[in-house]
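Visitor: how would this look folded up:
(2 chains)
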Protein chains: 2
Amino acid sequence: MTELNKLFAATKQAFDLPEGVIYLDGNSLGPMTHASRTRLIDEMDNQWSQKLIRGWNESGWYQLAQTVGDKIAALIGAPKGTVTAADNTSINVHKVLSAALAMNPGRKVILSDSGNFPTDLYAAQGVIAGLNDGYELKVVTPEQVFDAIDESVAVVMITQVDYCTGRLHDMASITERARANGVKTIWDLCHSAGAMAIQLDALQVDFAVGCGYKYFNGGPGAPAFLYVREEHINNIQPVLTGWMGHASPFSFEQQYTPMQGIGRMRVGTPSILGLASLDAALDVFCSVSMEQIRQRSVELSEVFMDEVAKCCPQLELASPTDAGLRGSQVSYRFPQGYAVVQALIDHGVVGDFRMPDIIRFGITPLYLNRADIVKAAQIIGDVMANQLWDCDKFKAKQAVT
Amino acid sequence: MTELNKLFAATKQAFDLPEGVIYLDGNSLGPMTHASRTRLIDEMDNQWSQKLIRGWNESGWYQLAQTVGDKIAALIGAPKGTVTAADNTSINVHKVLSAALAMNPGRKVILSDSGNFPTDLYAAQGVIAGLNDGYELKVVTPEQVFDAIDESVAVVMITQVDYCTGRLHDMASITERARANGVKTIWDLCHSAGAMAIQLDALQVDFAVGCGYKYFNGGPGAPAFLYVREEHINNIQPVLTGWMGHASPFSFEQQYTPMQGIGRMRVGTPSILGLASLDAALDVFCSVSMEQIRQRSVELSEVFMDEVAKCCPQLELASPTDAGLRGSQVSYRFPQGYAVVQALIDHGVVGDFRMPDIIRFGITPLYLNRADIVKAAQIIGDVMANQLWDCDKFKAKQAVT
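Guide: Sure, this is the predicted structure:
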């Protein structure tokens, strides 16, 4: 067994995975770690129920958003004290986009791309409507982003890895061009944080947001996070003001004064259960580096693509073949993609579907090994070759796809 | 045993309370129900870990914010479909205040009072700064609110029960005067929902917000809720836009279109663990009416005030003596209030402290009976008579008071 194999054999043991399932959807909802379960039991049996209100001081609750933020910071190339766990990604986009626009008052264009996750665009539309001051959301194709960055743009807001295709933006070149043109950068890391090394500070990114429940395995609806470049933090006047971002929350002053530090981006009382689960889940990253995760993800993705290509000529690869242009998922196009995904789930391979015809498979080395990947490809081959997806029960759409 | 005694003996059994503690702080953080614990174990062992992404369809997660909202609606006199669980109170104030101001475009005054919980005022200050259009927050004393409502006011935003003193505003008369003057109403129910009957619909309240972790016992940082009067809902253009409020979240359209119904006030992915705990905790209200809870709360509060008055002449009552003017807490003033609270905790009576000199005791009949109340008063008497609070270890302030 190689050193890397040993490492990942150990991390796989950290997860509570159902029997008979190969889970290729950790890019949508990460599985449960034993650590999260143990922690939540402790929060119930020894903290909330026993310490009651004292938990805020004695159980680390009051610091927990920052504790989690600092753990995440270390995983995305951000200094301690520049990341906080908070709310959800959509709300965090509202916060950082408002802050970024205020830093570029003479410019009215928010640049994004059609590969962005829609909620980021919705947040931008909401911010624009709220400001009611001539702002404009300019949505170009992912390929046009680089050239569209010029001195008319206030903020470029981009998701690093496309949720549909797994296409990976070049954070370095886009951020550099933005900086050269006085454009503030917001990177959405929902589909990259926890899957690859990210260097927010070294690349001089201004703002970032990301998700706690995908590659970070925090649990369904886990708190999200946000990053602000260190030199900006204390210059931001938060738009979403609340007592958890106040300089002195327990003085109960009538006037809002933001605290010094990233904590000013917090608003109300955070979900302690959600934070606790995420906090515990993040510890699996202590034993393995992002570079190792990325290396193994690329290896497994290539095995997967090779195997699927051999047995499923019907599936059109929607992800870039070049690993340097791809995140940690592999996507295919197929007209009956929804039914295929349902049939695969029925046969023990869990991926998911995105409109109009995208089948997504997340490649997550923390709990998937080569044998899982090969077996998954075989099952996909069987479902496709025998058209096992072609029956009514797999075609009836559910509320969440 | 009277019928009411039997009822509340049963509800007390629903809670997991620590031995040797009389918990008079449910107005700050409700204790854990056995139902919440059972539910969270199930969410971990049978839903998240086993169903993984399928939980969104098969475990009720996708509907959970509305499921919880509808349960809360029934407890605050609101029709089904007018309340949703969402985010935290501070963020919900941002949402409903923005919506309320948009309904009264010619007016620039937000009226509130000095008894409001500060985060509501902070949210108002943030909304005003964001709109940057001449809005003004006018803060009067609680006694001045009624007379200050006139046709210059856009929105009156009031917390029904004062977090410090327990003083109860008259929702009926204030709402009626607001309506007569074309003023939109926002009621913050953080310190009243779950403690007394509230008639949002009958009184024609426009908006309300409230807390899931106080009298609703949802757990630390449980999701909050918001209410919008039925006739307003589909006329609101949400300012906090996100995919969970979209008309068709899984169509992944680039343009934000709010869904029909209260769901448009949702933004991003909600905390499922937090919602699940709250959902389970709310079931204790199935066996007892708000009127019964209120009746018992008044009885217990009067016993408590009588006993404390007898044995603690040093404590100055800060709450109204008239039950009709008081919520479900009893507060006292004492210069060394912080140390007294710490000494009481050390002696098994948990209340809390609020600046500058307020000692608060929450009276929560679901898990407190007459014997608890009498015993708590005796312990308070002992701590006060013997000045047990007067030592250094009780005077050192912690981060959260």
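
Visitor: Please count neighbours and contacts with C-alpha atoms only from this point.
Guide: Fine.

Visitor: For residue A:153, the count of nearby residues, please.
Guide: For residue A:153, the count of nearby residues is 24 (other CA atoms under 10 Å in any protein chain shown).

Visitor: Residues in a beta bridge with it, which ones?
Guide: The bridge-partner assignment for residue A:153, based on DSSP bridges, gives residue A:109.

Visitor: what sits up against the longest helix belonging to chain A?
Guide: The longest helix of chain A (DSSP state H) is helix A:290-311. By CA atoms under 8 Å, 6 or more residues apart in numbering or on different chains, the list of residues contacting helix A:290-311 from outside reads A:4, A:75, A:194-197, A:315, A:323, A:328-330, A:363-366, A:369-370, A:373-374, A:377-378, A:380-381, A:385.

Visitor: Just the ones of those in helices?
Guide: Filtering these for membership in helices, criterion DSSP H, returns A:4, A:75, A:370, A:373-374, A:377-378, A:380-381, A:385.

Visitor: With distance to chain B added, can I get those in CSV?
Guide: Formatted as CSV, the entries for the ones in helices among the contacts of helix A:290-311 read as follows, by distance: CA to the nearest CA, whole Å:
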residue, distance to chain B
A:4, 26
A:75, 22
A:370, 21
A:373, 18
A:374, 21
A:377, 20
A:378, 22
A:380, 19
A:381, 22
A:385, 25
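
Visitor: Just name the closest of those residues to residue A:104, please.
Guide: For residue A:104, the nearest member of those is residue A:75. The distance, counting by CA to CA, is 28.8 Å.

Visitor: Run a quick check on the closest one versus residue A:195, I expect a contact.
Guide: No. With the criterion set as CA atoms under 8 Å, residue A:75 and residue A:195 do not qualify as a contacting pair; they are 9.6 Å apart.

Visitor: With neighbour numbers in mind, choose between these two.
Guide: For residue A:75 against residue A:195, the residue with the higher neighbour count under other CA under 10 Å is residue A:195, and the figures read 29 against 21.

Visitor: From chain B, how far out is that one?
Guide: Applying CA to the nearest CA, to the nearest Å, the value for residue A:195 to chain B is 18 Å.

Visitor: got a pLDDT number for that residue?
Guide: Looking at residue A:195, its pLDDT reads 98.

Visitor: what does residue A:398 give?
Guide: On the pLDDT scale, residue A:398 is placed at 84.

Visitor: Then residue A:361?
Guide: Model confidence at residue A:361, expressed as pLDDT, equals 98.

Visitor: So it: helix, strand or coil?
Guide: With DSSP: H, G, I helix; E, B strand; the rest coil as the basis, residue A:361 sits in strand.

Visitor: for the most centrally placed residue in chain A, what are its contacts?
Guide: Relative to the mean C-alpha position of chain A, the nearest C-alpha, by CA atoms, centre = their mean, is the one of residue A:190, at 1.9 Å. Contact analysis of residue A:190 by CA under 8 Å, 6+ apart lists A:159, A:161, A:209-211, A:214.

Visitor: OK, contacts around the residue nearest to residue A:267 when sequence neighbours are not counted?
Guide: Using CA to CA, 6 or more residues apart in numbering or on different chains and skipping the chain neighbours, the partner closest in space to residue A:267 is residue A:242 (4.2 Å). Counting by CA under 8 Å, 6+ apart, residue A:242 touches A:256, A:266-268, B:90-91, B:119-120, B:122-123.

Visitor: Could you rerun that using 10 Å?
Guide: Residue A:242 makes contact with A:249, A:256-258, A:264-269, B:88-91, B:93-94, B:118-126 under the criterion CA atoms under 10 Å, 6 or more residues apart in numbering or on different chains.

Visitor: now do residue A:245
Guide: When contacts are counted by CA under 10 Å, 6+ apart, residue A:245 touches A:238, A:256-269, B:119, B:122.

Visitor: and stretch A:151-161, which residues are buried?
Guide: Going by neighbour count (16 or more other CA atoms under 10 Å in any protein chain shown), the buried part of stretch A:151-161 is A:152-161.

Visitor: if we can go back for a sec, counting neighbours, which of the contacts of residue A:245 end up buried?
Guide: For the contacts of residue A:245, burial is judged from neighbour counts taken by 16+ other CA under 10 Å, and it is met by A:238, A:256-259, A:261-269, B:119, B:122.

Visitor: Can you tell me which of those lies closest to residue B:82?
Guide: residue A:268 (22.3 Å).

Visitor: helix/strand/coil for that closest one?
Guide: Three-state call for residue A:268 (three-state DSSP): coil.

Visitor: other SSEs contacting the helix or strand hosting residue A:6?
Guide: Using DSSP states H and E, the secondary-structure element containing residue A:6 is helix A:3-13. Judged by 3 or more CA pairs under 10 Å, 6 or more residues apart in numbering or on different chains; DSSP states H and E, helix A:3-13 is in contact with strand A:32-33, helix A:290-311.

Visitor: tell me the mean pLDDT for the first one?
Guide: It refers to strand A:32-33. The average pLDDT for strand A:32-33 rounds to 98.

Visitor: Now the element after that strand, going C-ward?
Guide: Per DSSP H and E, the first helix or strand lying C-terminal to strand A:32-33 is helix A:34-42.

Visitor: and the next helix or strand after that following helix, is it in reach of chain B?
Guide: Downstream of helix A:34-42, the next assigned helix or strand under DSSP H and E is helix A:49-51. Yes. When contact is scored as CA under 10 Å from any CA of the partner chain, part of helix A:49-51 falls within range of chain B: A:49-51.

Visitor: Using TSV, lay out those residues together with pLDDT, neighbour count and distance to residue A:287.
Guide: Written out in TSV, the entries for the residues of helix A:49-51 next to chain B read as follows (pLDDT from 0 to 100; neighbours: other CA atoms under 10 Å in any protein chain shown; distance: CA to CA, whole Å):
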residue	pLDDT	neighbour count	distance to residue A:287
A:49	98	23	32
A:50	97	19	32
A:51	97	20	32
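
Visitor: What segments of the stretch 201-350 of chain A are helices?
Guide: Remark: helices of the stretch 201-350 of chain A, listed N- to C-terminal, are A:230-233, A:272-281, A:290-311, A:337-346; assignment by DSSP state H, counting those that start in this stretch.

Visitor: Could you identify which of those helices is most buried?
Guide: The densest packing among the helices of the stretch 201-350 of chain A, expressed as mean neighbour count by mean count of other CA atoms under 10 Å in any protein chain shown, is seen in helix A:272-281 with a mean of 26.

Visitor: In the sheet, which residues pair with residue A:113? Tell me.
Guide: Taking DSSP bridges, one finds residue A:140 as the beta-bridge partners of residue A:113.

Visitor: Thought residue A:158 was touching it, still the case?
Guide: Yes. Counting by CA atoms under 10 Å, residue A:158 is a contact partner of residue A:113 at 6.7 Å.

Visitor: roughly how far apart are residue A:104 and residue A:205?
Guide: According to CA to CA, to the nearest Å, residue A:104 stands 15 Å off from residue A:205.

Visitor: So those two - more neighbours on which side?
Guide: Looking at residue A:104 and residue A:205 with other CA under 10 Å, you find the greater number of neighbours at residue A:205, namely 24 against 15.

Visitor: for the stretch 51-200 of chain A, what spans make up the strands?
Guide: If you assign secondary structure with DSSP state E, counting those that start in this stretch, the strands in the stretch 51-200 of chain A sit at A:83-85, A:109-113, A:136-140, A:153-159, A:184-188.

Visitor: would you list these in TSV and tack on mean pLDDT?
Guide: TSV is the format used below for those (pLDDT from 0 to 100):
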stretch	mean pLDDT
strand A:83-85	98
strand A:109-113	98
strand A:136-140	98
strand A:153-159	98
strand A:184-188	98
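
Visitor: most packed of the ones you listed?
Guide: Among the strands of the stretch 51-200 of chain A, ranked by average contacts under mean count of other CA under 10 Å, first place goes to strand A:83-85 (a mean of 32).

Visitor: Which other helices and strands does it contact?
Guide: Taking 3+ CA pairs under 10 Å, 6+ apart as the contact cut, strand A:83-85 packs with helix A:64-75, strand A:207-210, strand A:225-228, helix A:272-281.

Visitor: any idea of the mean pLDDT for the second one?
Guide: Going back to what we said before, that points to strand A:207-210. For strand A:207-210, mean pLDDT rounds to 98.
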